[in-house]
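Visitor: Just to be clear, the model below is a prediction. Sequence and coordinates:
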Amino acid sequence: MKALNVALAAKLLWRNWRSGEVKILTSALVLAVAVVTAIAVFSSRMDQSLIRQSNTYLAADRVISSRLAIPETWQTQPNSYDLQQTRVTEFSSMVFASKDDVDEMHLASVKAVGDLYPLRGQLEVSDIAFALGDDISIAQSVPEPGEVWVDSRLLPLMNIDLGDTLAVGDKSFNVSKIVIREPDTTASFSMLGPRVLMNQKDLEDTGVIQPGSRVTYRWLIAGEESNLQQFEQWLTPQLGEHYRFRTIKNSQRNISSALDRGTRFLMLAAVIGVLLASVAIAIAAQQFSRRHVDQVALLKSLGASARLVRLLYFMQMLILGVIAAIVGVLAGEFIQRAIASSIESLFAIELVSATWSAYATGWLTGLLCLLCFALPPLWHLPKVSPLKILRRELAVAGVSVWIKGLLGVAAIIALIGFYSGDSFITLSIVGGFSVVVLLGGLLALIMLRYSHQMGSRAGSYWRLALTNLERYRTQSIMQILVFACALMLLMVLYAIRTSLIEEWRLQLPDDAPNHFVMNIAPYEVNEVEQLFADNQLVPSPLYPMVLGRISALNEVIFTQEDRQRSNSLRRELNLSWAESIAPDNQLLEGQWWDSWQSTTGLPGVSVEVEEAKEIGLSLGDVITFSLGGIELKAEVASFRSVDWNAMRPNFFFLFSPGTLDNYSANFLTSVFIPAEQKPFVNTLLRQHPTIVIIEVDRIIERIRSIVEQVGRGIELVLWLVLLGGVMVLIAAVNASMANRMQETGLLRALGSGRALILRSLAIEFAVLGLLAGVLGVLGAEVLLMGLQWMVFEGDIYPHYELWAAGPILGALFIGALGVISCRRVVSVPPNLVLREIES
Amino acid sequence: MINARNISKSVNTAEGPLTILDNIDLSVSDGESLAIVGASGSGKSTLLGILAGLDIPSSGEMVLAGKSLTSMDEEGRAAVRAESVGFVFQSFQLLPGLNALENVMLPLELHGVAQAEEKARGYLERVGLSHRLYHYPKQLSGGEQQRVAVARAFASEPEILFADEPTGNLDSATGAHIIELIFALNAEQGTTLVLVTHEERLAQRCSRKITLDAGKCIDTDEVSMDSPAEVATGA
């Protein structure tokens, strides 16, 4: 019997499909699944590819770093998770060389690496100091034991050449290559000395590392993401306070912020796509249900029980869901491939394949949408009385609008929550919807009444159109609300995409500083500035930088435990002063120097807000600094936020002008060096070998390319979501088609011309679109406020372009859609139209 | 076959309770044909609905094919309908998305009848529509649609056929054709027939007729057999 029912349900479904009754429902379902699959799979691929690429800046996928050596017992674990591992040990040490009976020594940043280093990215080396272009090659291994590779600038500093000997601690090494670029340079930002790269196996022989030495141990891990996650789960509980896990997300803030916002946008787009498709599904299911009341009454008069009817419809929906989900996943896969290939060809990157969970997400979405949006409108069908077959006027007790509404809202919250995992996104979208539905319903009512009054004074087309709107008031309001929700979601997505891309562009303008020049001695300042000027380069202002430690707060000396709590209390800090607040800094609390009054008579210090929180500072606190053994006290005058993405010198602690005058300072600046002027870096280093240059041009380039990739993906996804919007509009227009056909059929039969009908239809839909546009903009502003404030952390401002475009585009687009959908009514003879409605 | 005792039906309206049927007593034997006549609003269709188990009376007892419908729930009544009842309606009630053949197959498929398609083809042939098997309702004339409905009603070989104004939407000649068809198949299958009509002449074709007026049975007649053509054309 059950097999028979499945076969019968399949047969009924096929007949319903053939007659076009489930086409919109199916299309909406397929679209929901396709949108989610495409976005989920594409985001997953892009996210993984970008992380994989960005991980080159860590030289690994995960890094565990510590001042303590990595326990031997841990080091057997990566193998059991099928992961690669290698070790890096970094420390500052004096290096010695002797040539022509002249002894030279210099403080160098030594890095001892394991054989597999780097696990991600490439180590660039050369046989020529200060090499450029083709003289640079990719290292295929690390230095052999007994060899070191060194920074170009070490050669002039130590007066040596390649092939000479360099001593690190107790061991002498042959200088065999020049290190041009390491993938993880920025990981050792605080290491100011020139690089000496050696093999890990030589480390012990140098005898440099003694108990108490300042050493950074880094344990590099790479492999499949799922294995990495398992490994992370195993390791995290054992890390304790001395070991830190580093991923690209927590160590490269600027890259990860571009990535995060991009993925958040894509996720939001997926949510919006699903919402649009869900609305289309709900409308299509409602229409399907209305059309099937007679069919159910007939089936029941033929002896079908309510149970059988329920089973037949449930089966139909289930079969439809499974097929639509399969087709949707395939369509989604096709779409994401198209998007991915356009990106791959544009940016010459290879995207890694997606995780299976991304496909499962798409598939589950289809079933979830079906369950939440298609089944409720069909729920009452089995309860249709068989008597309806004799008495058509019998009312059908459907599921109450309130229950359906509540179910819909619950389903929407569940769906958004499921995709975003973010309560603010959920709240913002629910807020936006509430505004449109509650305020919108009321406004629509008022506007309809007003337009009706206007209509009664207007010409015949207008009168016909506006009277129609008023006559089917409930239907008109529902349509306005549906159109408004669709327009709202599309406008929100468009506005966020525009502002994201704009923000990214502003954040990293073409001339954003791409090199940090550090460790400039006071006597070098003039020469360096002259050198910049000679080369037409404009650096940021030179900031003095004094190294110091924090020793006490409000005269209370920090204990060992306090120092364990905060990294800033353990390490040396870069301190500076500034006359005015930098444009990428924002004063959050307290006063800047021009209006600040010291309460203690001490000089003031402005502290970066996150740093202040970590240490536990309040305004007016007195901090004691130790600067090369000399004590300096300062009063906390203000807290600042700092945009670390701006690629300009920024400091956690900025003193009032004059405070640091008596302390020996080095200077720091950042400068934009165009690609064609790259050799300038070598000129600067040749003339001033103690200067440290940190090249962030590659990072900036990478961020730009990520932003462009994400931006391109976003644009393509926007089109996909737009398709969802069109689907909603078509579904909503179709839902009112029967009434319209009957009316226009009658009007035609009574002799109305094509022009009158088409024009009044155009006006009717355009007015609907206009009102929906106005409401959509209102909802979009509310939603955007929430999203900008809580999710994208951008500025809140009114979107005037939407106020203009929303209503106009709404009127034009929905007007055109209405006319196109109804055009058949005027081209088919009226008797056919009327007969079709009867049957 | 049909036994209705003291059947009353009333509904609540804004102006108070409204009685649609008032103490109707009626029984129909196997193979008998009964016409229910009366003016519009006299309660004919309501009575038909109750007799066929589509509706329940407010009071009274209703027995159909030996089973008491009044003590059953909707599921039970559906089972009785499935087993014993066929319908022909004034507005044909064909499903617009199904072609003629599929419309006739529907009840057979619903009841799990083997070779539903062959059987449906056979009945469509007998109503003269073998050339219209794959036409959809909107491609058929009113008469053709009603012939499909007749084929559908007889295809499941019911014990009782209920027809609600079967010629109400048809012109006289076509109506006569349909009546001829219904009575011919009825005779062939020995079906009990209950027919609602407001056409006196069509009622004459049945072996018995009752007349309703304002929900009351005001007249019960044994009727003589006229020719169907005369009835339908009103000649």
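Guide: Sure thing, it's come through.
Visitor: Just give the nearest non-adjacent residue to whatever residue of chain A ends up closest to chain B, would you?
Guide: Residue nearest to chain B within chain A (CB to the nearest CB): A:G303, separated by 2.4 Å. (C-beta placed from N, C-alpha, C; glycine too.) Leaving aside its sequence neighbours, A:G303 sits nearest to B:A82 (CB to CB, 6 or more residues apart in numbering or on different chains; 2.4 Å).
Visitor: what ranges of chain B fall below the confidence cut-off?
Guide: For chain B, residues meeting the criterion pLDDT under 70 lie at B:222-235.
Visitor: rerun that using 50 as the cut-off
Guide: For chain B, the stretches with pLDDT under 50 are B:224-235.
Visitor: Would you list the phi and psi of residue 132?
Guide: Looking at chain A here, since you left the chain open. phi -130, psi 160 (degrees, to the nearest 10).
Visitor: quick one on the thing from earlier: and the residue of chain A closest to chain B, what pLDDT?
Guide: Listed pLDDT for A:G303 reads 87.
Visitor: which SS state does it fall under?
Guide: Per DSSP: H, G, I helix; E, B strand; the rest coil, the secondary structure class of A:G303 is coil.
Visitor: Same check on A:V293?
Guide: A:V293 - assigned by three-state DSSP - is helix.
Visitor: Who is residue 195 paired with across the strands?
Guide: In the absence of a named chain, this looks at chain A. A:S109 (DSSP bridges).
Visitor: switch to chain B, that's the one I care about
Guide: B:A35, B:A163.
Visitor: tally of neighbours for it?
Guide: Look at B:L195: counted by other CB atoms under 10 Å in any protein chain shown, it has 29 neighbours.
Visitor: do A:Q586 as well
Guide: If we define neighbours as other CB under 10 Å, then A:Q586 has 13 of them.
Visitor: Next one: it, what pLDDT does it get?
Guide: Per the predicted model, pLDDT is 88 at A:Q586.
Visitor: pretty sure it belongs to a helix, no?
Guide: No - going by three-state DSSP, the assignment for A:Q586 is strand, not a helix.
Visitor: how near is whichever residue of chain B sits closest to chain A to A:N662?
Guide: Proximity of chain B to chain A (CB to the nearest CB) peaks at B:A82, 2.4 Å away. Separation of B:A82 from A:N662 (CB to CB, to the nearest Å): 103 Å.
Visitor: now do A:N5
Guide: Taken as CB to CB, the span from A:N5 to A:N662 is 92 Å.
Visitor: Who has more neighbours out of these two?
Guide: A:N5 (16 against 11).
Visitor: Neighbours of residue 213, how many?
Guide: Went with chain A since none was named. 11.
Visitor: Switch to chain B, please.
Guide: 14.
Visitor: The residue nearest to A:G303: which element?
Guide: helix B:74-84 (DSSP states H and E).
Visitor: Unless I misread the structure, A:G601 falls within a strand.
Guide: No - counting by three-state DSSP, one finds A:G601 to be coil, located in no strand.
Visitor: From A:E635, how far out is it?
Guide: Taking CB to CB, one finds A:G601 at 8 Å from A:E635.
Visitor: cool, A:L406 as well?
Guide: 57 Å.
Visitor: Could you check how many residues crowd around the residue of chain B closest to chain A?
Guide: 20.
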